[in-house]
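1. structure of the sequence below:
(one chain, ligands or ions: 2)
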Amino acid sequence: MEDTRKDILNEETKEEVVSRNFIEQIIDEDLKEGKAKEICTRFPPEPNGYLHIGHAKSILLNYGLAQQYGGKFNMRFDDTNPTKEKEEFVNSILEDIKWLGADWEDRLYFASDYFPQMYEAAITLIKKGKAYVCDLTADEIREYRGTLTEPGKNSPYRERSVEENLKLFEEMKDGKYADGEKVLRAKIDMASPNMNMRDPVIYRVAHIAHHRTGDQWCIYPMYDFAHPIEDAIEGVTHSICTLEFEDHRPLYDWVVNEVGGYDPKPRQIEFAKLYLTNIVTGKRYIKKLVEEGIVDGWDDPRLVSIAGLRRRGFTPSSIQKFVDLCGVSKSNSAVDYAMLEYCIREDLKMDASRVMAILDPIRLVIDNYPEGQIEELEIDNNVENPALGKRMVPFGRELYIEREDFMEVPPKKYRRLYPGNEVRLMNAYFVTCTEVEKDASGNIIAVHCTYDPESRGGNSPDGRKVRGTIHWVEANSAIPATVRLYENIIDEEKGVYNVEDGSLNLNPNSLTVCADCKLEPSLKTAKAYDSFQFVRNGFFCVDSKDSTEDALVFNRIVSLKSSYKLPAQQ
Ligand code: ATP
Ligand code: MG
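-> Ligands and ions are numbered 1, 2, ... in the order given. Here you go, the predicted model:
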């Protein structure tokens, strides 16, 4: 990770200035030189899957720049390859971008709307003698292309006349040829050291229906031809993409210049993709997990798809914070998932109410507490944030506590409940464990204790100290719920991919379902996407798909503690 936006002190004014990342520097320069008047960026997903955290980086970067420079942000579907594109993906992508907060206003575009202009652009190139129809097969084209060390050979069809090319290209459009029978290629340089410039294919025949244009077209433009034209038509000034397109930039510029007539001319800038260590990010791999049924759809909370992150309980601001911390870099590197967790913890620390929930309950009976009596204890919603107010929580003779907060035979240093030991019930009373009640097979039915009425509120009446504090839920008013705990879907010891066959190394324990949880009654009204801190257990969010009013389901977003430290700011 390389943060190019270090805070530095301006020596003369002693004011803190934020150094510009390399993209901002390019834009500053372009504005200064008058190459662009008003900047325009775009986010151009292919609607062939759901968006993931990497896309979030691109969206927030492009939208952020447009905001920062008072420019425009276009939302454009790069839907020029009908094989894998679907309406379902168009809708999910729009939903995700909206949720992230990137507002395209009325600037929603589809590259497929430009098919007529792209066709015209191809004709312009043919007329200029800069494109030709080629009959070589895909294999032959590859063979003729040469290698990094050897120049390619000219296609035998390269010198076709303009008239013949125009006629053949029209016939391609009219459906006279089968898929692969003919292609249109740019006529550039078969000896170029850049393989992308060796007469790339710019149009192909594909008799496939398109999700928007139907059967209107049976020729489709290739990415390297279509993308610069899309940008140019829309007046995009800075076309930001990822590093793997660096070698395509000369072709991008070639298309813009040879087709001609565009002002401003769009400019391609590359930055490093966001990768997370040991996390499946690529659309292709997420798709595989979904299709093989390893996860519960594209929005499975274990995925870093935006839909998955949202369902898990991440907030748009936590993702923005994460993206900001990652910075913009020109070299590929991976970021730790713990940084994303840090961002959501920071976000929820102050804003989430801290409530009590028992994930694996056992009963605790206070034998000297009056039967039938319930008291309402007033508890801060978040001790660090008084603005969140207080709530009343019932307390009574029978409670639930976490199974792991009791041990019949405690190991050394165990400070929670065991026979003879006194602990604090959080915000309530001191209790001393007296005995454990078991059934015939030795299972615990209840743990018994006595309480000290003088310790109300969890305060010591006489200065005596207890070393353990545990949380609890009153048994009669407790709400049953299901809570899901998650681990990485990948076995981190083994790494993402199996070196032998390229398959994913899965972690069989990525999902734990706690089906018998007991929650304090204030959670009764919790709605989809509401987030809480369950004290001592982490941050949790109401699941938006499976939770109902009568059967609440929560997802653990993140545990409370981590050893993660933010990298020091240089
Ligand atoms: P994937 O490799 O996951 O399929 P993609 O690049 O094929 O992603 P597109 O829909 O073509 O997905 O990409 C839309 C935009 O998002 C592109 O501008 C692309 O560069 C950007 N993008 C995709 N993945 C990342 C990433 N990991 N980090 C930053 N930007 C990304
Ligand atoms: Mg792609």
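
2. wait, residue 247 sits on residue 196?
-> Yes - counting by Cβ atoms under 8 Å, residue 247 does reach residue 196; the two are 5.6 Å apart. Using the backbone N, CA and C atoms, a C-beta is placed for each residue, glycine as well.

3. compare these two (neighbour count), which wins?
-> residue 196 (17 against 13; other Cβ atoms under 10 Å).

4. ok, now which ones touch the more buried one?
-> Contacts here follow Cβ atoms under 8 Å, 6 or more residues apart in numbering; on that basis residue 196 touches 224, 247-248, 250-251.

5. also residue 335?
-> 1, 274-277, 326.

6. who's in contact with the residue in the stretch 351-500 of the chain that ligand 1 sits nearest to?
-> Closest contact between the stretch 351-500 of the chain and ligand 1, by Cβ to the nearest ligand atom, is at residue 496 (13.7 Å). By Cβ under 8 Å, 6+ apart, the contact list for residue 496 reads 278-280, 490, 504-505.

7. tell me the pLDDT of it.
-> On the pLDDT scale, residue 496 is placed at 91.

8. now residue 567
-> For residue 567, the model assigns a pLDDT of 65.

9. cool, residue 13 as well?
-> So, for residue 13, pLDDT stands at 52.

10. out of the contacts of residue 496, show me where the pLDDT dips lowest.
-> Lowest pLDDT of those: residue 504, 90.

11. for that one, give me phi and psi.
-> Backbone dihedrals for residue 504, given as degrees, to the nearest 10, come out at phi -90, psi 140.

12. now the end-to-end length of stretch 275-289.
-> Its start and end residues considered, stretch 275-289 measures 18 Å (Cα to Cα, to the nearest Å).

13. now residue 301. Nearest residue, chain neighbours left out?
-> residue 312 (3.8 Å; Cβ to Cβ, 6 or more residues apart in numbering).

14. how far away is the one you found from residue 153?
-> 53 Å (Cβ to Cβ, to the nearest Å).

15. quick one, which of those two is more surrounded?
-> Ranked by neighbour count (other Cβ under 10 Å), residue 312 and residue 153 place residue 312 first, with 24 against 14.

16. so that one sits right up against residue 557, yeah?
-> Yes - here residue 312 reaches residue 557: they are 5.6 Å apart, a contact under Cβ under 8 Å.

17. show me the common contact partners of those two, please.
-> By Cβ under 8 Å, 6+ apart, residue 312 and residue 557 have these common neighbours: residue 541.

18. what about ligand 1: which of the contacts of residue 335 touch it?
-> For ligand 1, the contacts drawn from the contacts of residue 335 by Cβ under 6 Å from any ligand atom are residue 274.

19. I figured residue 306 hits residue 58, correct?
-> No - in this structure residue 306 lies outside contact range of residue 58 using Cβ under 8 Å: 11.6 Å.

20. the two: which is more packed in?
-> residue 306 (28 against 21).

21. how about that one, nearest residue that isn't a chain neighbour?
-> Excluding the flanking residues, the one nearest residue 306 by Cβ to Cβ, 6+ apart is residue 96, at 4.1 Å.

22. and that neighbour, backbone torsions?
-> According to degrees, to the nearest 10, residue 96 has phi -70, psi -40.

23. same check on residue 317?
-> For residue 317, the backbone dihedrals are phi -70, psi -30 (criterion: degrees, to the nearest 10).
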